[in-house]
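Undergrad: kindly return the folded structure for what I paste below:
(chains A, B and C)
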Amino acid sequence: MTFDSEYFNIGYLDSLSYKDTFVHRLDPRVKLLVSFVFILFVVSFPKYDLSGLMPFFIYPVFLLTAGDIPLRVIAKKVIFVSPFALFIGIFNPLFDTSVLLTLFGIPITGGWISFLSIIVKFILTVSTALLLIAATSFLGLCEALERLKLPRVFVIQLLFLYRYLFVLLEETFRMLRAKDARSFGKRGSEIKTFKRLISILLVRTVERAERIYQAMLSRGFRGEIRMLRRHTLRVQDFLFALFSVSLFYVFRHYNIVSILGETLGRTLR
Amino acid sequence: MSHHILELKDVHFSYPDGIEALKGISFRILHGESVGLTGANGSGKTTLLMNLNGQLLPTKGGVSIGEIPLNKKTKQEIKRKVGYVFQRPNDQLFMPTVYEDVAFGPVNLGLTPEQVDERVKSALETVGCLHLSHRPPHRLSEGQKNAVAIATVMAMKPDILVMDEPASNLDPKSRRQLINLLKRFEHTKIIASHDLDLILDVCERCIIIKDGKIAADGPAEEILLNKTLLEENNLELPLSRQNVIYKGLNLKATKAIPEKGLTT
Amino acid sequence: MHMADALLSPAVGGTFWAGSIGAIAYASRKLRENLDDRLIPLMGVLGAFIFAGQMINFTIPGTGSSGHIGGGMLLAVLLGPYAGFLVIASVLTIQALFFADGGLLALGANIWNLGIYPCFIAYPLIYRAIVRNGNTPRRTIIASVLSVVIGLQFGAFSVILQTKISGITELPFGTFLMLMLPIHLAIGMVEGFITAGVVNYVRTLRPDIVENSEGIKVLSSGSSMKKIVIVFSVFAILTGGIFSWFASTYPDGLEWSIEKIYGKSEVPERQNPISGIVSKIQKKTAILPDYSLPSTSKEEEKPSWPAVDTITSLSGLLGGIMVLVVVVIFGIGMRVLRKKMRKT
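TA: Numbers count the residues shown, from 1 in each chain, chains lettered A, B, ... in the order given. Predicted coordinates:
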């Protein structure tokens, strides 16, 4: 029984989100919507259009660099979650064997091109999701969701979950360490032990909820939770949104890569 | 003659599963008094505290705060008067940021945003955490969490402050800061703790609970220096009052062990 | 079995987002109607609990591979379907953001696959049905395993549908089925037993936690059941046909936006690009009974892949069940609608 090393990563991404850069200061609603639009544009590419995707890297790269976010963290995570997409994608070259183009005498099938397209799309979309949270505090995102009219009950749930996530992760981690200290490497019935551990953790969690509830009541709680409004839209936010979406549009409809390629080819000649 | 602010008359409490935790507790606390509450584990300290602000209601006997008797109807009102600081600050800090946690109480009291802001800032100022206003609670150290937890209660301006093991998770420096803070408070204070040195430092009066009954009630200096009494109740002398053997020298500290230069 | 953005098309991703947001709104509204204040901190910490629980990997006996719990069913048992659904949705949201588990577009599909089926289908229709006649440890096990397995099968099947309809993968439907369903059957059995084990054990420590109280937790009362059924049939209609209706009423706006996203060269020369997409979807879903996949490859010539018999029988069976369920739901929904119409 192991505890995912990813646990440590949440804290790290969380700490990155409190930096103070242009990107961090942008309104979270704008970042969220622009990122979502970005993803829509990226996944709208047909399966054989590989080159058209390339310009889109500009967005995650922008977030990464302007947001002072270390590349290694993002790269590791992208690699870490790639198995499922890779696993499904790898079937493409196996099934799609029509040759679409020949490169230096080597025939390249549509299957490989679409597989690569999947990989590129994967990198673009996943990195953007990570960069979004790294460049926007979770609290900011929740505020954005609420102002975008997501139900209050759900937003409060997100906030409470987040608040106690670290507490619970640590508690779980300690439980596992204590169990390991008494296991001496013996692999008994792991699942049975797991059931016990989870059950105890569950009871403790419910008891914790009861204490929190009492604490809330002790401070006069009667059902409503009120939170601060922290962000207002400024000119920068509008400009950023306008500029990014226009850029995505241009990338999607004008084959920048081939235009550039041709001009380069012509100048070289 | 200062009027009493808290009175317990023959309070009994039994849990739903039948365990009787309090078996007839009676005492009076005067306005401005600071009282330490101590006893072995399982003696009933926390149960007693929970009966003071309406979390639990006595199964027999009565609690009254000022002139108001504690019952189902007056529970809410009592909660405004009694500020309860829980044992684990994590249970008490549930909002996304420190500011919102401290504001939670005042907002529920129905104050205007300006009033809320004033209360929050002054409470955080008092505990020395104003600079932490915009931090999320999971980014605070244990000592900071304790301080902020106290601020969340202080912001409600309660008449009585009830605290359950306030120093249990603190490192020495934070503990010292807490003690200094508590000494500055003018509220009526009831502090349940195992830390007898803290009680000695902060409280004038001490009550010892054993098996749900009061075993002793008197000035802190008398009770906490009575070795026999303490040992009868599964306690010990405060550490600062115990004999210390250091490098062959037998030291008996009176007030505090001096930091530099141990004399024979 | 999280979906990934890279395997989705905007239409499919967007559809399931709409569905999930609708479900979240619906569950939130139901909770608001009779919210027990206690639920607010409880849902939060249980979400954190499930999250933490998912980070523990254990080895599955006999296979040697490691797995972890999903938790949707356990949440439904503890909190009831509405709160349980919101909690699983919140867990998936944080995972999407911090772990990039799939992506932001796929989050909508994931919430649907991992939340709707356990909480709104398997839990009320299977778990509660079995447990209602006596909440004994043995019944808990049966109820648990059955509902988790079926919920997971639905979820896995959804993933397959979503991927195929998006058209990004070349994986043939039949092979996809063979890959996903058996694995998730095994995973479902393990998780079902674990869920039952936890519920039974916790019952000995604190029975009040797992005893279902009345009110919002119970979804078996007639009226609320029918409402769920209505909601579900609405969504079924949405994925199938509402888009075409919408497109015909607002051709300009929608056409413009879809055009902009897809690029003019991609959209077939039609009056209505939406209906074009929808008909593509319908064509592909019709593959279930008899069709072979139209594709650029020559897969039929590969003898090593599962014979057509397996494909039709497996997909036929599952497709049949799915169609039946949709029909039943539609039927009940229609009945209630008619009842309401008669009253006015």
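Undergrad: all strands of chain B, in order?
TA: For chain B, the strands defined by DSSP state E cover B:4-14, B:20-30, B:34-39, B:60-65, B:68-69, B:82-85, B:160-164, B:188-192, B:205-210, B:213-219, B:243-246, B:249-252.
Undergrad: where does the chain have low pLDDT?
TA: I'll assume chain A. Chain A contains residues with pLDDT under 70 at A:5, A:7, A:100-105, A:184-189, A:255-269.
Undergrad: to clarify, I was referring to chain B.
TA: Looking at chain B by pLDDT under 70, you get B:1-4, B:244-264.
Undergrad: which residue does it bring closest to chain C?
TA: Closest contact between chain B and chain C, by C-beta to the nearest C-beta, is at B:F94 (6.7 Å). Every residue, glycine included, has its C-beta placed from N, CA and C.
Undergrad: ok, and the closest non-adjacent residue to that residue?
TA: Closest residue in space to B:F94, ignoring its immediate chain neighbours: A:I212 at 5.5 Å, by C-beta to C-beta, 6 or more residues apart in numbering or on different chains.
Undergrad: and the helices in the chain?
TA: All of this refers to chain A. In chain A, the helices defined using DSSP state H lie at A:6-16, A:22-25, A:28-43, A:58-66, A:71-80, A:83-89, A:91-95, A:110-134, A:138-147, A:152-181, A:190-218, A:235-253, A:256-268.
Undergrad: correction: the question concerned chain B.
TA: For chain B, the helices defined by DSSP H occupy B:45-50, B:75-81, B:89-92, B:98-109, B:113-126, B:142-154, B:172-184, B:196-202, B:220-223, B:227-232.
Undergrad: go ahead and confirm A:L40 touches C:L8.
TA: No - A:L40 sits out of contact with C:L8 when judged by C-beta atoms under 8 Å, with a separation of 9.9 Å.
Undergrad: those two - which one has more neighbours?
TA: Using other C-beta atoms under 10 Å in any protein chain shown as the criterion, A:L40 and C:L8 rank with C:L8 on top: 30 against 22.
Undergrad: can you give me the distance of the more buried one to chain B?
TA: Look at C:L8 and chain B: by C-beta to the nearest C-beta, to the nearest Å, they are 32 Å apart.
Undergrad: and the closest residue to chain B within chain A, what does it touch?
TA: Proximity of chain A to chain B (C-beta to the nearest C-beta) peaks at A:G220, 3.3 Å away. A:G220 makes contact with B:76, B:79-80, B:105, B:108-109, B:156 under the criterion C-beta atoms under 8 Å, 6 or more residues apart in numbering or on different chains.
Undergrad: report the buried members of these.
TA: When these are checked for burial by 16 or more other C-beta atoms under 10 Å in any protein chain shown, the buried set is B:79-80, B:105, B:108-109, B:156.
Undergrad: which of those residues sits closest to B:G66?
TA: Nearest to B:G66 out of the buried ones among the contacts of A:G220 is B:R80 (C-beta to C-beta; 11.5 Å).
Undergrad: any idea how far B:L49 is from the closest one?
TA: Distance of B:R80 to B:L49, given as C-beta to C-beta, to the nearest Å: 17 Å.
Undergrad: again with B:K173
TA: Taking C-beta to C-beta, one finds B:K173 at 26 Å from B:L49.
Undergrad: might you report the residue contacts of A:I119?
TA: A:82, A:85-86, A:89, C:6.
Undergrad: nearest spatial neighbour of B:D101, skipping sequence neighbours?
TA: B:M95 (4.2 Å).
Undergrad: what does the stretch 1-150 of chain C put close to chain B?
TA: Neighbours of chain B within the stretch 1-150 of chain C, by C-beta under 8 Å from any C-beta of the partner chain: C:41, C:44.
Undergrad: low-confidence bits of the stretch 1-150 of chain C, can you list those?
TA: Using pLDDT under 70, the stretch 1-150 of chain C drops low at C:1, C:62-64.
Undergrad: rerun that using 90 as the cut-off
TA: Flagging of the stretch 1-150 of chain C using pLDDT under 90 yields the residue ranges C:1-12, C:31-38, C:54-71, C:96-103, C:124-140.
Undergrad: for chain B, what's the nearest residue on it?
TA: Ranked by C-beta to the nearest C-beta, the top residue of the stretch 1-150 of chain C for proximity to chain B is C:P41, at 6.7 Å.
Undergrad: for the residue lying closest to A:L141 once chain neighbours are set aside, list the residues it contacts.
TA: Excluding its sequence neighbours, the residue lying closest to A:L141 (C-beta to C-beta, 6+ apart) is A:P28, at 5.4 Å. Listed by C-beta under 8 Å, 6+ apart, the contact set of A:P28 reads A:136-137, A:140-141, A:143-144, A:231.
Undergrad: one more: A:S199?
TA: By C-beta under 8 Å, 6+ apart, A:S199 lies in contact with C:197-198, C:201-202, C:205.
Undergrad: how confident was the prediction at the spatially closest residue to it that is not a sequence neighbour?
TA: Excluding the flanking residues, the one nearest A:S199 by C-beta to C-beta, 6+ apart is C:Y201, at 4.2 Å. The confidence metric pLDDT takes the value 91 at C:Y201.
Undergrad: can I get the contacts of A:G220 in a markdown table including distance to chain A?
TA: Formatted as a markdown table, the contacts of A:G220 follow (distance: C-beta to the nearest C-beta, whole Å):
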| residue | distance to chain A |
| --- | --- |
| B:Q76 | 7 |
| B:K79 | 6 |
| B:R80 | 7 |
| B:G105 | 4 |
| B:N108 | 3 |
| B:L109 | 6 |
| B:M156 | 7 |
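Undergrad: and those as JSON lines, adding distance to C:N113?
TA: As requested, the contacts of A:G220 are exported to JSON lines (distance: C-beta to C-beta, whole Å):
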{"residue": "B:Q76", "distance to C:N113": "44"}
{"residue": "B:K79", "distance to C:N113": "44"}
{"residue": "B:R80", "distance to C:N113": "48"}
{"residue": "B:G105", "distance to C:N113": "42"}
{"residue": "B:N108", "distance to C:N113": "40"}
{"residue": "B:L109", "distance to C:N113": "45"}
{"residue": "B:M156", "distance to C:N113": "46"}
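Undergrad: chain C next: which of those residues are close?
TA: Okay, of the contacts of A:G220, nothing touches chain C (C-beta under 8 Å from any C-beta).
Undergrad: could you report the neighbour count for the nearest residue to B:A151 once chain neighbours are set aside?
TA: Leaving aside its chain neighbours, B:A151 sits nearest to B:A123 (4.2 Å; criterion: C-beta to C-beta, 6+ apart). By the measure other C-beta under 10 Å, the count of residues near B:A123 is 24.
Undergrad: next one: B:P16
TA: Burial of B:P16 is recorded as 6 neighbouring residues (other C-beta under 10 Å).
Undergrad: could you do C:N34 as well?
TA: Neighbour tally, C:N34, other C-beta under 10 Å: 8.
Undergrad: report the separation between it and chain A.
TA: 12 Å.
Undergrad: how about the CA coordinates for stretch C:69-79, as CSV?
TA: What follows is stretch C:69-79, C-alpha atoms only, in CSV (Å, rounded to 0.1, in the frame of the first residue of the first chain):
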residue,chain,number,x,y,z
ILE,C,69,-11.1,3.4,-5.1
GLY,C,70,-13.4,5.7,-6.9
GLY,C,71,-15.8,6.4,-4.1
GLY,C,72,-18.9,7.5,-5.9
MET,C,73,-21.1,4.7,-4.4
LEU,C,74,-19.7,5.1,-0.9
LEU,C,75,-20.6,8.8,-1.0
ALA,C,76,-24.0,8.0,-2.3
VAL,C,77,-24.6,5.6,0.6
LEU,C,78,-23.3,8.0,3.2
LEU,C,79,-24.8,11.2,1.9
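Undergrad: ok, residues contacting it?
TA: A:198, C:39, C:42-43, C:46, C:50, C:53-54, C:83-85, C:87-88, C:91, C:114-115, C:117-119, C:122-123, C:127, C:144, C:147-148, C:151-152, C:191-192, C:194-195, C:198-199, C:209-210, C:212, C:217.
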